[in-house]
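> Test case, fold it:
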Amino acid sequence: MAKVDLHKADYLKAAEIETEMWRSYYNHQFLRLAWQLLIFMRNVFQCGWILAIRLAWHGGMAAMIYRRHKGHENYLRVLKSLVKFYKIGSDHALAPFDYHKAAQLELEWWDIHRYPKKYDKSLEQSIAKAAGVVYACKPEVLKKYAVYRAEAAEMLTHEGDQHAVKNDWPQIENILQQTWYSFNQAVQPKN
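I've put the predicted structure just below:
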């Protein structure tokens, strides 16, 4: 299996795909989400279909388990899927990373987003820390990325939730484009 430099993915394309993924997730269109997740994995990990399917399966399972069990999350099952996801990613990357830590921090930011009063960390801090593990960056370098990502995440509501405000998808897409542009700037090697 060829190793890739995760810093060289097309992150502007990632923003476009991620917006559609979020739309599918928050509108409960899970089959559509599965396809989008597969395309997202091919883009970010620059990989073939088999590897993309494995990544999408484990990443998608973690998200689905977490979403379906709101209020009584099965953290061990979610974490198990995230560890498998990040292990595959680390094994495929030119610069392997601590996939256990990456999985724990990913789950932490999901939980901070869902239950902000439970933690004394901000969503921005948690997002920057999680991405920093995978991309070998200090969280401070990813601050702008994390601020945009948290802003987009905090705008979202699940369609059909009681008293849910309708999602402003053009605005969310705009913020996600800024998110990924900032991310791209932060992770590119400085010459």
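> Report pLDDT for the residue nearest the centre of the chain.
In the chain, the C-alpha closest to the average C-alpha coordinate belongs to Glu106, at a distance of 7.6 Å (Cα atoms, centre = their mean). Glu106 is assigned 95 on the pLDDT scale.
> in what helix or strand does it lie?
For Glu106, the element it lies in under DSSP states H and E is helix 99-114.
> and if you look at Ala52?
Following DSSP H and E, one finds Ala52 within helix 49-68.
> ok, now Leu79?
Going by DSSP H and E, Leu79 is part of helix 75-92.
> The closest residue to Phe85 other than its chain neighbours - how many residues pack around it?
Leaving aside its sequence neighbours, Phe85 sits nearest to His58 (Cβ to Cβ, 6 or more residues apart in numbering; 3.9 Å). (Glycine included, C-beta is placed from N, CA and C.) By the measure other Cβ atoms under 10 Å, the count of residues near His58 is 22.
> Pretty sure His58 sits against Gly89.
No - under the criterion of Cβ atoms under 8 Å, His58 is not in contact with Gly89, lying 9.5 Å apart.
> count of neighbours near Ile112?
22.
> same thing with Arg32?
Neighbour count for Arg32, taken as other Cβ under 10 Å: 15.
> thinking again about what came up before, which residues touch the residue nearest to Phe85?
By Cβ atoms under 8 Å, 6 or more residues apart in numbering, the contact set of His58 is Ser81, Leu82, Lys84, Phe85, Ile88.
> Go again with 10 Å.
Met41, Lys80, Ser81, Leu82, Val83, Lys84, Phe85, Tyr86, Lys87, Ile88, Gly89, Ala103 (Cβ atoms under 10 Å, 6 or more residues apart in numbering).
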